[in-house]
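A.B. asks: sequence plus the predicted model coming up.
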Amino acid sequence: MTARADLKLREAEDLRARLIAEGRHRDAEIIRSLAATYRASRQANALLHADNQALKAGMPDGGTIDMDYPARARAKIAEIHAALPADATYSMRVSALKRGYPFGERRFWPYQAWLQERAKYLRQYDPETPLGPLLDGVIFPFQTRAA
């Protein structure tokens, strides 16, 4: 499986080089970000496999993986953000985050933590979200107006 995956990564790098030579830099950047996401997923899978083996060997804490899912989600989102082009649209960011989900099955607490961190990240780039403080300029009855 790893030899096949390495072959596919090499093919992706060759395709990226061809796209750059043809002047299709945007497409080349997409290929680069997909390859980076794939490499990160392979690293996460290797860690999960090592953790699973440690659990089978009787290590109660599992050994290698920290179960702080929000922190792991933030780290993965930062990695995806770094792989995206600077002028990425909101929909590109959403689809990159969909592809980059790191915790396997989309259920239970890992998925909830991912959704929370994903929402925090996307809120910065959502065109529907108003900029600035939410209640800026709202005068409540108990507040006095500054003269």
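C.D. replies: Alright, I've got the coordinates. Residues are numbered from 1 along each chain as shown.
A.B. asks: so which residue is dead centre in this protein?
C.D. replies: Ile77 (3.1 Å; CA atoms, centre = their mean).
A.B. asks: does it touch Val94 like I think?
C.D. replies: No - Ile77 is not in contact with Val94 according to CB atoms under 8 Å; the separation is 11.9 Å. Any C-beta I mention is one placed from the backbone N, CA and C, and that applies to glycine too.
A.B. asks: how near is Tyr125 to Ile20?
C.D. replies: 27 Å (CB to CB, to the nearest Å).
A.B. asks: repeat for Ala113
C.D. replies: 37 Å.
A.B. asks: more neighbours, those two?
C.D. replies: Ala113 (18 against 15; other CB atoms under 10 Å).
A.B. asks: for the closest residue to that one other than its chain neighbours, which residues are in contact?
C.D. replies: Of all residues not flanking Ala113 in the chain, Tyr69 sits nearest, at 3.8 Å (CB to CB, 6 or more residues apart in numbering). Tyr69 is in contact with Phe103, Trp109, Pro110, Ala113, Trp114, counting by CB atoms under 8 Å, 6 or more residues apart in numbering.
A.B. asks: what subset of those residues is buried?
C.D. replies: The neighbour-count test (16 or more other CB atoms under 10 Å) marks Phe103, Pro110, Ala113, Trp114 as buried among the contacts of Tyr69.
A.B. asks: format those residues as a markdown table; extra columns: distance to Ser33 and secondary structure.
C.D. replies: Supplementary listing: those in a markdown table, determined by distance: CB to CB, whole Å; DSSP: H, G, I helix; E, B strand; the rest coil:
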| residue | distance to Ser33 | secondary structure |
| --- | --- | --- |
| Phe103 | 20 | coil |
| Pro110 | 23 | helix |
| Ala113 | 23 | helix |
| Trp114 | 19 | helix |
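A.B. asks: export those to JSON lines and append columns for pLDDT.
C.D. replies: Formatted as JSON lines, the buried ones among the contacts of Tyr69 follow (pLDDT from 0 to 100):
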{"residue": "Phe103", "pLDDT": "84"}
{"residue": "Pro110", "pLDDT": "88"}
{"residue": "Ala113", "pLDDT": "91"}
{"residue": "Trp114", "pLDDT": "93"}
